[in-house]
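[1] Structure of the sequence below:
(one chain, ligands or ions: 3)
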Amino acid sequence: MPLRLWPALLLCAAALAPPSLAEHQPLRVGVYANEPKLLLDNDNQLSGIFGELLREIAQREGWELQAVPCEWQQCLELTRDGRIDLLPDTAWNEERAGYLDFHQLPALFSWSQIYSQQELRLNSLLDLNDRRIAVLAGSVQEEHLKALLLSFGLQAQLLPVQSLAQGFKLVSSGAADAAVANQRFGDYHADQYGLSSTPIMFQPARLFYATGKDRHAPLLAAIDRHLKQWQEQPDSLYYQIIQRWGGKPPQLRVPTSLWWGLATLSALFLLALGGALLLRRRVAEQTRHLSASELRLNTILDSVEAFIYIKDPQLRYQYANRKVCELFGRSREEVLGHSDSAFFDANTVDNLRRNDLRVLQQGERVQIEEVNRNLADNSEHAYLTVKLPLRRPDGTIYALCGISTDITEHKKNLEQIHQLAFFDPLTGLPNRRLLQDRLQHALAHHARSGEEGALLFIDLDNFKTLNDTLGHAMGDQLLQQVALRLRGLLREEDSLARLGGDEFVLMLERLSSTPAKALVEIETVANKLLGSLAEPYDLNGHEHSSTASIGVALFSDAHSTVEELLKRADLAMYEAKASGRNIVRFFNPQMQTAALARIRLETDLRHSIGERHFLLHYQPQVDHLGRLIGAEALVRWQHPQHGLIPPGEFIPLAESTDLILPLGRWILQAACEQLVAWSHDAELAELPLAVNVSARQLHHADFVSDVLAILKQTGANPARLELELTESHLASDIEEMIQRMLQLQAHGVRFSLDDFGTGYSSLSYLKRLPLTRLKIDRCFVRDLLSDPNDAAIVRAIVALAQSLDLQVLAEGVETAEQRDALLQIGCSLYQGYLFAKPGPAEQLHDWPRPSRLELTE
Ligand code: C2E
Ligand code: CA
Ligand code: CA
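    Ligands and ions are numbered 1, 2, ... in the order given. This next block holds a predicted model:
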């Protein structure tokens, strides 16, 4: 460190040093009259035990003392604020330690004692009940006395006084019954005021000189130094002073602190003794009280119509009122100490446990609905339960208290009200109100998504006649059975309601957005309903026949208003009635036209199948050199009036009814007959023939046996027959389909996957299917040259086919460019107008054929 800094440093150190006490600054000492511990003598000199001790110390330390008389409370404040330097005779407590400093060794020990008029016999704390007691305002004694009285449940009137002398005066004048004083003051002055000490003592205290916080550490250290020295010598100045002021010198040559420790203990012992005495007297009294109030409490808790209980942290019942015991069917002794597993089923126990732990562990106050199943009678009840934690004074939880109200009946009533408000009591179906509600939602959804929906208004034909002839009871029975049948036909997303009388309404949602398809979906449902409702009913042994009429309105007809939609469906239903009953009518005119056309078509188709008004056309399949490698059979309907109808116009209809089954059998039969015919022709004897099979056919239980029977009956070679399936075949029952295909394959029949790329074949299934060929759908070929996406798809299909070791054939090839592009990608088999349209079998004659050698490759 550079030398020139030393002077500055020394200056700083001097500034930091505490001011020297010897520097003729008088030390201000707070004095409140508390003889014999502290007082001012006639010369205004500090006196009493603390006063004299301090003067002795001051003399040795060279302090100049200046007495500042004050009342106790004021003394404390002045010391705290630094306007008094030293306050003698201050009892240590935690609160004061917050704003005062104390030295280490107590200057004096003391305790508080009650002094009373001599006639008054105060023997224990208990006797302080209802007494007027003078106590030093703001003193530690006051606090202690208050706490003591409170903890023993005693009432006393405390009279705050400014000095101990004032308290004693109050007692001697009769204005107070007793006064609290430190034992030194009390014993010293009692006689003078005509008071006597009582055995009631409390609050052993250690007395010190105190200073304001952080103000006079050296001063306190000096006091400690002298006290230590004196207290170690029984004949020291310290004991002489105490003795002079009425105290007794120590009898034993033991450290003073120990002596005083014993004194404290004995004071505490006396206090305890007083307490015990009090308690004994109190307990007898209180037991009477307690058992009376416990009885009263129990009576109250037992007469409440709620389940009240307390559980410990192990979830064992600690208390249970009468209702709880009754619920469990046990006595209180049988309930207490047990947990819920003794009374409830496992589910309930789990549930209760979860709720209880929220209270016991998280300290939550829970209000919940609990549904509990009783072990005793297996009954289930719902409760509204409030559970709250019970806490110790330090906040920890020692139990939970639960109050549960049985709301089972209440809930049942609510459900009943709901049922009555929204359901038809006779059939249990939703009523008009609920339907309107659901319809509202459905229409809103329709408006957002554009998904089509329909309302079917179903009305029984001639219901009134039944009601009038057989009576209302029979009518009701019929309605119930109708409801049952309708319900049986519903899909999950459908909504059925009874509007009243014999009117039912069915709401269909999520119909196809193409009108033609939606029409098929609606008709399918409506026809099912009509069919089912037309079956005979058993009404109390009477067989009864009935039919219904159905009116249909589409969501898109009604501009999204519920009432309008209902009205339109209703109107359509009247149309159905007017048109002869047991039929379906659409509100929408185009739908109606289409529906009528369809109905006519269906009738015609049914008729034509019986009459075999169909024929097969054949479309050649060729290789890259244009040579014939096979043919596909495509059905045509020879309509008596409308001429040749393409399959697109009637196959979907045939598929939506069961007509596809007889039609499909006819097609297969005709194809097999054609194979047999070719077998006699040297050129075409080996030509494979592909036949389309509908999903409905393949899924039919008799499919395999039908095919085998036809092969056998016609004598066609199964190895020439190729069945074309589409991916939609594989949508369900895939394992079953594979089994059927394998069965036929075992006879030599082959399979190709038609319209490939338009469905959602799972690759894993594709591998397991016994296929020989994939047919690339026409739509990819059409735009192959213009749409890079389609080219990519075709490329992927070809690659896939190669990896699965399948042939690949492109359909709908119309131009040479398409063919060339396909060939380049790797597809060398084709079908399409470029080569030939489907036509009579004759067109296949004279077609160039690959050599036998090439075919077997
Ligand atoms: P599909 O099985 O995909 O049949 C191929 C369709 O593509 C045939 O229509 C055929 O005439 C047409 N086509 C062939 N080459 C070309 C071309 O180059 N350009 C265009 N634009 N079209 C071409 P078709 O005969 O009208 O048959 C339509 C659908 O009806 C068939 O599609 C098939 O799904 C079904 N179908 C036809 N016959 C039967 C049958 O016997 N049974 C079953 N279940 N369905 C059949
Ligand atoms: Ca086909
Ligand atoms: Ca196809």
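[2] And for residue 363, nearest residue in space, chain neighbours not counted?
    Distance criterion Cβ to Cβ, 6 or more residues apart in numbering; nearest residue to residue 363, sequence neighbours excluded, is residue 389 at 5.0 Å. From N, CA and C alone the C-beta is placed, and that goes for glycine too.
[3] Touching, that neighbour and residue 358? I think so.
    No - Residue 389 is beyond contact range of residue 358, at 9.6 Å (criterion: Cβ atoms under 8 Å).
[4] list residues touching both of the two?
    Common contacts of residue 389 and residue 358 (Cβ atoms under 8 Å, 6 or more residues apart in numbering): residue 364.
[5] More neighbours: which of these two?
    Between residue 389 and residue 358, counting by other Cβ atoms under 10 Å, residue 389 is the more crowded of the two (20 against 17).
[6] can you tell me which residues contact that one?
    359-360, 363-365, 397, 399-400.
[7] how distant is the particular helix or strand that has it in it from the center of its chain?
    Assessed by DSSP states H and E, residue 389 sits inside strand 380-391. Here strand 380-391 is found 19 Å from its chain centre; the criterion is Cα atoms, centre = their mean, to the nearest Å.
[8] How are the helices of the stretch 351-500 of the chain distributed by residue range?
    408-422, 432-449, 463-470, 472-488 (DSSP state H, counting those that start in this stretch).
[9] Compare these and give me the one nearest residue 741.
    helix 472-488 (33.9 Å; Cβ to Cβ).
[10] State the distance from the residue nearest to residue 363 to residue 351.
    Residue 389 sits 19 Å away from residue 351, going by Cβ to Cβ, to the nearest Å.
[11] ok, now residue 305?
    23 Å.
[12] closest point of the stretch 501-650 of the chain to ligand 2, which residue?
    Of all residues in the stretch 501-650 of the chain, residue 632 sits closest to ligand 2, with a separation of 5.6 Å (Cβ to the ion).
[13] Next, that residue: secondary structure please.
    Following DSSP: H, G, I helix; E, B strand; the rest coil, residue 632 is assigned to strand.
[14] what about it, how many neighbours?
    25.
[15] Pretty sure it sits against residue 831.
    Yes - contact criterion Cβ under 8 Å: residue 632 and residue 831 qualify, at 6.6 Å.
[16] Spell out which residues are contacts of both of those two.
    Between them, residue 632 and residue 831 share the contacting residues 619, 621, judged by Cβ under 8 Å, 6+ apart.
[17] quick revisit: and residue 305 and residue 351? which has more neighbours close in?
    Taking neighbours as other Cβ under 10 Å, residue 305 and residue 351 compare with residue 351 leading, 18 against 7.
[18] List the residues that contact that one.
    370-372.
[19] Please convert the buried members of those into PyMOL selection syntax.
    To isolate in PyMOL the members of the contacts of residue 351 that are buried, counting by 16 or more other Cβ atoms under 10 Å, one can use:
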select buried, resi 370+372
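[20] Adding distance to residue 536, write the contacts of residue 351 out as JSON lines.
    Converted to JSON lines, these look like this (distance: Cβ to Cβ, whole Å):
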{"residue": "370", "distance to residue 536": "50"}
{"residue": "371", "distance to residue 536": "45"}
{"residue": "372", "distance to residue 536": "49"}
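[21] which one of the contacts of residue 351 sits closest to ligand 2?
    Nearest to ligand 2 out of those is residue 371 (Cβ to the ion; 59.6 Å).
[22] Tell me the bridge partners for that closest one.
    With DSSP bridges as the criterion, residue 371 is bridged to residue 382.
[23] Just to check, it is in contact with residue 381?
    Yes - look at residue 371 against residue 381 with Cβ under 8 Å: they come within range, at 7.3 Å.
[24] Output the set of residues of the stretch 601-750 of the chain in proximity to ligand 2.
    Residues of the stretch 601-750 of the chain lying near ligand 2 by Cβ under 5 Å from the ion: 692, 724.
[25] Please, where are all the helices along the stretch 601-750 of the chain?
    With DSSP H, counting those that start in this stretch as the criterion, the stretch 601-750 of the chain has helices spanning 651-656, 660-679, 695-698, 703-714, 734-745.
[26] Would you format these as a markdown table with distance to residue 599 included?
    Below are the helices of the stretch 601-750 of the chain laid out as a markdown table (distance: least, Cβ to Cβ, whole Å):
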| stretch | distance to residue 599 |
| --- | --- |
| helix 651-656 | 10 |
| helix 660-679 | 17 |
| helix 695-698 | 20 |
| helix 703-714 | 28 |
| helix 734-745 | 33 |
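[27] Ligand 3 is nearest to which of those?
    Closest among these, using Cβ to the ion: helix 651-656, at 12.3 Å.
[28] Check which helices and strands the closest one sits against.
    helix 515-534, helix 589-611, helix 660-679 (3 or more Cβ pairs under 8 Å, 6 or more residues apart in numbering; DSSP states H and E).
[29] Sheet partners, orientation included, of the next helix or strand after the first one?
    So the one you mean is helix 515-534. The first helix or strand that comes after helix 515-534 along the chain, using DSSP H and E, is strand 537-539. Taking DSSP bridges as the criterion, strand 537-539 sits next to strand 542-544 (antiparallel) in its sheet.
[30] Quick check: residues of this structure near ligand 3?
    Going by Cβ under 5 Å from the ion, the residues of the chain near ligand 3 are 754-755, 811.
[31] from those residues, which has minimum pLDDT?
    Least confident of the residues of the chain next to ligand 3 in the model: residue 755, at 88.
[32] Spatially nearest residue to it, not counting backbone neighbours?
    Nearest non-adjacent residue to residue 755, counting by Cβ to Cβ, 6+ apart: residue 777, 4.4 Å away.
[33] returning to what we had before: list the contacts of the residue of the stretch 501-650 of the chain closest to ligand 2.
    Contacts of residue 632 (Cβ under 8 Å, 6+ apart): 618-619, 621, 689-692, 724, 831, 838.
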